[in-house]
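# fold the following and give me the result.
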Amino acid sequence: MTRATTATTAAPTADAPQITAGGVAFVGTGPGDPELLTVRAVQLIRDAEVIITEAPEQRALVAALRDDVSVEVDPEAEPADESGPQILDGGFGDDGQPLTHANRAKVVVKQVKRGLRVVRLLGGDPFLYASGPEEAQAVAKAGFPFEIVPGVSSVSAVPAYAGIPLTTKDQREVAVVTCGEKVDWSRYKDAPTLVLLSAVGQIGEIAEKLIATGRSPQTPVAMTRVGTTTEQETVTSTLENIAADARAARIAPPAITVVGKVVDLREKLSWFETKPLFGWRVLVPRTKEQSASLSTRLRGFGAVPEEVPTISVEPPRNPQQMDKAVRGLVEGRYEWIAFTSVNAVKAVREKFEEYGLDARAFSGLKIAAVGDKTAAAIAAWGLRADLVPEGQQSAAGLLEVWPEYDEQLDPINRVFLPRADIATENLVAGLIDLGWECDDVTAYRTVRASPPPAPTRDAIKTGKFDAVVFTSSSTVRNLVGIAGKPHPSTVIAVIGPATAKTAEEHGLRVDVMAPKPDVEVLVEALAGFGAARRAALVEAGEPITKPSDRKPSGRRRKA
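Next comes the predicted model:
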């Protein structure tokens, strides 16, 4: 016979670990480029209830990842609640002075004790030339759990963005030195490659000491400031000349200095600072909803896009016409529906959702789209456009491929055309000429946005923008109306002939026109212009400048 036993739970001993509710993730934010954040870092930042920053610019990084955080600092931080995370400054005290490692640790521990999800942001990597180890030890001593999320260190990232590899098949050793008064430079006389941190203010003295250890005065040196950002600037020189060259270039911290033969590879491997639009400040006058993809594309070519809303999309003043048309669509009143913009697709979709309808209501209806972007918006709804012009993607291009009405083949002769209140009448007239009846319905209104802030208006008028990209005639009219005409030195890029004509009517000289009315093609055309301009400066032996660096009295005419 087997004796029955009863399972019991032993009481915890005094030495058993206690599981606490609080905890902190020490997250490395990398060297400056927000796109270098790890996937884990992004997830933690989005889920955090308390975020402790190290530098003021990290708030912008958080705002880019979370809709419930603005770039502006709230002077009266409230406890974390449903409105978003509490963001605290863990790098500087109330007097504006940097906090010691011990005081930084106190800030972190205080927040961890609240039992909330805490994220501590640290530049670069938390455990590499940062206060992460001291702060993590304080959290561990207090008995709370913590997590380390490595970040890309500026030690390797900044040289990489400058086109300087720290190792090659022939150069395998690297020494990283935090510069100060007590450094014994003789220890590094045989290191093939040196990476110097905090060397800007004393680079002349450091160079002299390295030469005194036996290094050649002609040893290549590169100093890169604000690396991995679009403000990055690199000066290449030699040990005997770097101090003077750095002063001439006004190199200021933060900067990373590399000493060694690997610097010579920058001439072939420089990839970031040689992007066709590197550092260009580009104005994006569009609706806020539509500017994201264009701005992302511009950043890919090294530009710094600045979005200025010039158009606000609003519902029609009288929604009854739209309501009637949607009911007619459901009842089978139309043979075709023609979408002339992404906004038209959005307006009809919102009306469907208002009525509790879905894409099944389009059964048996033919769908036309004015271009690929509009067709993509239709596809995102689970539908497929039956007609999209392959050539000119405009109302005129759509008419070129639109079939004539045939009584034998078309059971219904009516077209539903949801469009903006300012759309042209050409499409309607063309459809009538082809034998169709057209319900021309205002699905949305485009109204002029409020003027941008005064500094932006001043930058537009005085040529502080290098380029402006116009994606429609209305963006031209509205930008000029709310902010004035761009300076003659500013490169004007337009999406097509109609927009170019409007720009010229407003006294603007068009420099770039997309060969196809597509946002990505427009950005590529501007990048091509920038690349050609850069190549011409290099061939002429002139320094690489941006359009905003020169302020001609009038716009130059092309030959």
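# so where do the strands sit in the stretch 1-150 of the chain?
Assigned by DSSP state E, counting those that start in this stretch, the stretch 1-150 of the chain shows strands spanning 23-28, 50-53, 86-89, 117-122, 146-149.
# any idea how far the fourth one is from the chain center?
In other words, strand 117-122. On the basis of C-alpha atoms, centre = their mean, to the nearest Å, strand 117-122 sits 23 Å off its chain's mean C-alpha point.
# now swap in the last one and tell me
Distance, stretch centre to chain centre, for strand 146-149: 27 Å (C-alpha atoms, centre = their mean).
# what average pLDDT does that strand get?
Across strand 146-149, pLDDT averages out at 96.
# got the buried residues for it?
Of all the residues in strand 146-149, those buried under the rule 16 or more other C-beta atoms under 10 Å are Phe146, Ile148, Val149. The way it works is simple: take the backbone N, C-alpha and C, and place the C-beta from them, glycine included.
# kindly reformat those residues as CSV containing distance to Gly123.
Output for the buried residues of strand 146-149, formatted as CSV (distance: C-beta to C-beta, whole Å):
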residue, distance to Gly123
Phe146, 18
Ile148, 15
Val149, 13
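# Glu35: which of the residues you listed is nearest?
Val149 (16.0 Å; C-beta to C-beta).
# contact partners for the nearest residue to the closest one once chain neighbours are set aside?
Closest residue to Val149 apart from its sequence neighbours, by C-beta to C-beta, 6 or more residues apart in numbering: Val27 at 4.5 Å. Val27 sits next to Ala41, Leu44, Ile45, Val119, Arg120, Leu121, Leu122, Pro126, Val149, Gly151 when contact means C-beta atoms under 8 Å, 6 or more residues apart in numbering.
# roughly how far does Val27 sit from Ala41?
When C-beta to C-beta, to the nearest Å is applied, the distance between Val27 and Ala41 equals 5 Å.
# what sits in contact with each of those two?
Residues touching both Val27 and Ala41 (C-beta under 8 Å, 6+ apart) are Val149, Gly151.
# distance from the helix or strand containing Thr499 to the middle of the chain?
Element membership for Thr499 (DSSP states H and E) is helix 497-505. Between the centre of helix 497-505 and the centre of its chain there are 28 Å (C-alpha atoms, centre = their mean).
# now swap in stretch 369-382 and tell me
Relative to the centre of its chain, stretch 369-382 is centred 24 Å away, using C-alpha atoms, centre = their mean.
# so what touches it?
Contacts of stretch 369-382 (C-beta under 8 Å, 6+ apart): 338-342, 344-346, 349, 359, 367, 384-385, 387-389, 393-395, 397-398, 517-519.
# send the alpha carbons of it over as CSV?
This file holds the C-alpha atoms of stretch 369-382, laid out as CSV (Å, rounded to 0.1, in the frame of the first residue of the first chain):
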residue,chain,number,x,y,z
ALA,A,369,-7.3,55.4,-59.3
VAL,A,370,-5.4,58.5,-60.6
GLY,A,371,-2.0,57.0,-59.7
ASP,A,372,0.0,54.4,-57.9
LYS,A,373,-0.1,56.1,-54.5
THR,A,374,-3.9,56.3,-54.6
ALA,A,375,-4.1,52.7,-55.8
ALA,A,376,-1.9,51.7,-52.8
ALA,A,377,-4.4,53.4,-50.5
ILE,A,378,-7.2,51.5,-52.1
ALA,A,379,-5.2,48.2,-51.7
ALA,A,380,-4.7,49.0,-48.0
TRP,A,381,-8.5,48.9,-47.8
GLY,A,382,-8.6,45.4,-49.2
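# in it, what counts as buried?
Buried positions in stretch 369-382, judged by neighbour count with 16+ other C-beta under 10 Å: Ala369, Val370, Gly371, Asp372, Lys373, Thr374, Ala375, Ala377, Ile378, Trp381.
# tabulate these (CSV), appending pLDDT, distance to Ala175 and secondary structure.
Below are those laid out as CSV (pLDDT from 0 to 100; distance: C-beta to C-beta, whole Å; DSSP: H, G, I helix; E, B strand; the rest coil):
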residue, pLDDT, distance to Ala175, secondary structure
Ala369, 93, 60, strand
Val370, 90, 60, coil
Gly371, 87, 56, coil
Asp372, 87, 53, helix
Lys373, 84, 52, helix
Thr374, 90, 57, helix
Ala375, 92, 57, helix
Ala377, 90, 55, helix
Ile378, 93, 58, helix
Trp381, 90, 58, coil
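# between those residues, which is nearest Ala207?
Closest approach to Ala207 among those (C-beta to C-beta): Lys373, at 54.6 Å.
# do you know how far that closest one is from Thr168?
45 Å.
# and what of Gln321?
For Gln321, the distance to Thr168 - C-beta to C-beta - is 69 Å.
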